[in-house]
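In: Give the three-dimensional model of this entry:
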Amino acid sequence: MNRTYITGTGVWTPPNVITNEELVVSLNEYVRRYNLRNSAAIAAGEIEALLPSSVEFIEKGSGIKQRYVIDKDGVLDPDRMYPRIAERPDDQISIMAEIGVLAGQQALAAAGRAAAEVDLVIAACANFQRPYPAIAIEIQKALGCGGYGYDMNVACSSGTFGIEQAANAVRSGQARCALVLGPEICSGHLEWRDRDCYFIFGDVATAVVIEAEPSGKQERLWEILGSRAATSYSNNIRNNSGFLDRCEEDGRSDKRNKLFMQEGRKVFKEVCPMAAAHIADHLAQHALKPADVQRFWLHQANLAMNQFISRRLLGRDATPEEAPVVLDKYANTASAGSIIAFHQHQADLPPGATGIMCSFGAGYSIGSHVLRRV
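Out: Now for the predicted structure:
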């Protein structure tokens with residue numbers, strides 16, 4: 001079996017930033033208009049008035065301070081409150097493939113590889129804009145990669161699961177150089193009018209190159225010592241949108257359950273202990289303890305979740321260096337969060353340093369990789 005390495009990563013960031021202050025102004029204006037429009041029904045007790053939000057509410061509950069998005073104007077328009085992303089002709093590259101290509105080019109440059117050397121492309125993310133043809137195959141063609149490609153979805157664990165599948169293919173010799181892409185346009189599946197979740201997500205695209213024989217041109221090299229994946233069914237994070245929507249009696253695509261929904265408190269209570277135990281068990285498989293780990297690149301969904309997990313593992317609060325945070329700038333980017341953290345916070349670690357990348361989310365699903373700097 002081949003040894004496997006992460007030889008390059010890339011992160012494409014949209015140009016548009018929405019601050020919490022801007023988001024609150026937009027939501028509160030929507031709330032004002034909604035309550036005014038429905039004032040009679042509210043007064044009669046037929047429906048409940050919507051509540052305004054605040055920057056303090058967002059930051060206390062999540063640790064998020066801003067997010068990057070593909071389209072800003074559509075999200076902040078109180079009469080719309082979702083992004084404007086035009087459908088493209090079939091002979092043009094799709095937007096998901098486009099941002100995947102941009103991240104992939106960065107990762108390949110970091111790895112010192114040409115696209116033609118890639119023989120496996122996996123697009124692993126929380127949502128896809130179409131069932132087929134696969135976004136991964138579209139990216140494969142756009143970049144000029146060889147071999148084969150496919151899409152996969154395990155919600156917020158898609159990135160780590162995708163890395164595992166790529167590493168397994170490289171270990172077995174089925175592929176020599178794999179590219180795992182995470183084009184996450186989370187703004188498209190978020191209900192921006194829902195006070196409980198409107199601030200959660202942002203957009204981004206990530207890329208990871210995995211291979212058995214590094215080119216020798218990359219600046220940093222990480223061996224994948226081992227991968228671990230687990231799933232356990234839960235209904236607490238859900239999105240019911242799908243190809244059977246039009247077959248329903250009312251045929252509506254605007255129902256609340258066709259977008260991201262979660263029972264946040266239940267998720268926190270159930271997922272955090274599961275993730276901490278998963279990481280501890282994975283480290284133990286490699287005769288490691290949490291104290292032996294120099295860096296935890298954790299899923300970036302909620303600051304309190306990461307603090308809980310690192311405290312459970314270390315018996316104390318982790319330092320910013322031990323468990324870096326990127327969600328304050330990027331918000332929750334679904335499967336991309338732990339990869340962004342790895343991309344931005346690994347250059348300072350010396351050869352021999354050990355780290356663990358872990359993501360967790362809907363499913364429930366948890367994926368992790370024990371990494372060592374070479």
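In: in the stretch 201-350 of the chain, which spans are helices?
Out: 264-285, 303-314, 327-330, 337-344 (DSSP state H, counting those that start in this stretch).
In: The last one versus helix 303-314: what angle between them?
Out: By that I understand helix 337-344. 70 degrees (axes from the mean of the first three to the mean of the last three CA atoms, to 10 degrees).
In: From the rest of the structure, what touches helix 337-344?
Out: 9-11, 156, 159-160, 182, 204, 206, 208, 297-301, 324-327, 330, 333, 355, 357-359 (CB atoms under 8 Å, 6 or more residues apart in numbering). For the C-beta atoms, the positions are set from N, CA and C on the backbone; glycine is no exception.
In: Look up how far residue 251 lies from the spatially closest residue to residue 359 that is not a sequence neighbour.
Out: Residue nearest to residue 359 in three dimensions, not counting chain neighbours: residue 299, with 4.1 Å by CB to CB, 6 or more residues apart in numbering. Using CB to CB, to the nearest Å, residue 299 is found at 35 Å from residue 251.
In: Could you look up the SS state of the closest residue to residue 14 other than its chain neighbours?
Out: Distances taken as CB to CB, 6+ apart place residue 68 nearest to residue 14, at 4.4 Å, with adjacent residues excluded. The three-state label given to residue 68 by DSSP: H, G, I helix; E, B strand; the rest coil is strand.
In: how about the residue of the chain positioned farthest from its centre, phi and psi?
Out: In the chain, the residue that sits farthest from the middle, by CA atoms, centre = their mean, is residue 44; the gap is 42.8 Å. Backbone torsions for residue 44, taken as degrees, to the nearest 10, come to phi -80, psi 0.
In: circling back: out of the helices of the stretch 201-350 of the chain, which is the most enclosed?
Out: helix 337-344 (a mean of 26; mean count of other CB atoms under 10 Å).
In: Off-centre distance for that one?
Out: 10 Å (CA atoms, centre = their mean, to the nearest Å).
In: Skip ahead from it and say which helix or strand is next.
Out: strand 354-361 (DSSP states H and E).
In: Name the strands paired with the helix or strand just after that next one and say parallel or antiparallel.
Out: Helices and strands here follow DSSP H and E; after strand 354-361, the next one along the chain is strand 365-373. Within its sheet, and counting by DSSP bridges, strand 365-373 is paired with strand 222-231 (antiparallel), strand 354-361 (antiparallel).
In: picking that back up, you'd agree the residue nearest to residue 359 is up against residue 365?
Out: No: applying CB atoms under 8 Å, one finds residue 299 not in contact with residue 365, separated by 10.4 Å.
In: Same drill for the two, tell me which one is more crowded.
Out: Set residue 299 next to residue 365 and count neighbours by other CB atoms under 10 Å: residue 299 wins out with 32 against 24.
In: quick one: contacts for that one?
Out: 156-157, 275, 305-306, 337-338, 358-361.
In: which one of the residues you listed sits closest to residue 94?
Out: residue 156 (21.8 Å; CB to CB).
In: Tell me which residues touch the nearest residue to the closest one once chain neighbours are set aside, please.
Out: Spatially, and ignoring its direct neighbours in sequence, residue 156 is nearest to residue 361 (2.5 Å; CB to CB, 6+ apart). Shown in contact with residue 361 (CB under 8 Å, 6+ apart): 126, 155-157, 237, 271, 299, 301, 334-335.
In: how about a cut-off of 6 Å?
Out: 155-157 (CB atoms under 6 Å, 6 or more residues apart in numbering).
In: try residue 324
Out: So residue 324 contacts 341, 345 (CB under 6 Å, 6+ apart).
In: Try it again at 8 Å.
Out: Residue 324 neighbours (CB under 8 Å, 6+ apart): 295, 297, 341, 344-345.
In: Output those in CSV; the columns should cover distance to residue 319 and pLDDT.
Out: Output for the contacts of residue 324, formatted as CSV (distance: CB to CB, whole Å; pLDDT from 0 to 100):
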residue, distance to residue 319, pLDDT
295, 10, 98
297, 14, 98
341, 14, 98
344, 16, 98
345, 12, 98
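In: mind checking how far residue 166 is from residue 359?
Out: The value you get for residue 166 to residue 359, if CB to CB is used, is 15 Å.
In: Which one's more surrounded, the two?
Out: A direct count of neighbours by other CB under 10 Å for residue 166 and residue 359 places residue 359 higher, at 31 against 27.
In: ok, now which ones touch the more buried one?
Out: Each residue near residue 359 by CB under 8 Å, 6+ apart is listed here: 156-157, 159-160, 298-299, 335, 337-338, 366-368.
In: What's opposite it in the beta bridge?
Out: residue 367.
In: Would you mind measuring from it to residue 242?
Out: Computed as CB to CB, the residue 359 to residue 242 distance reads 23 Å.
In: just residue 218 next, same as before
Out: Taking CB to CB, one finds residue 218 at 40 Å from residue 242.
In: Just the strands from the stretch 101-250 of the chain, written as ranges.
Out: With DSSP state E, counting those that start in this stretch as the criterion, the stretch 101-250 of the chain has strands at 120-124, 148-152, 177-185, 203-211, 222-231, 237-238.
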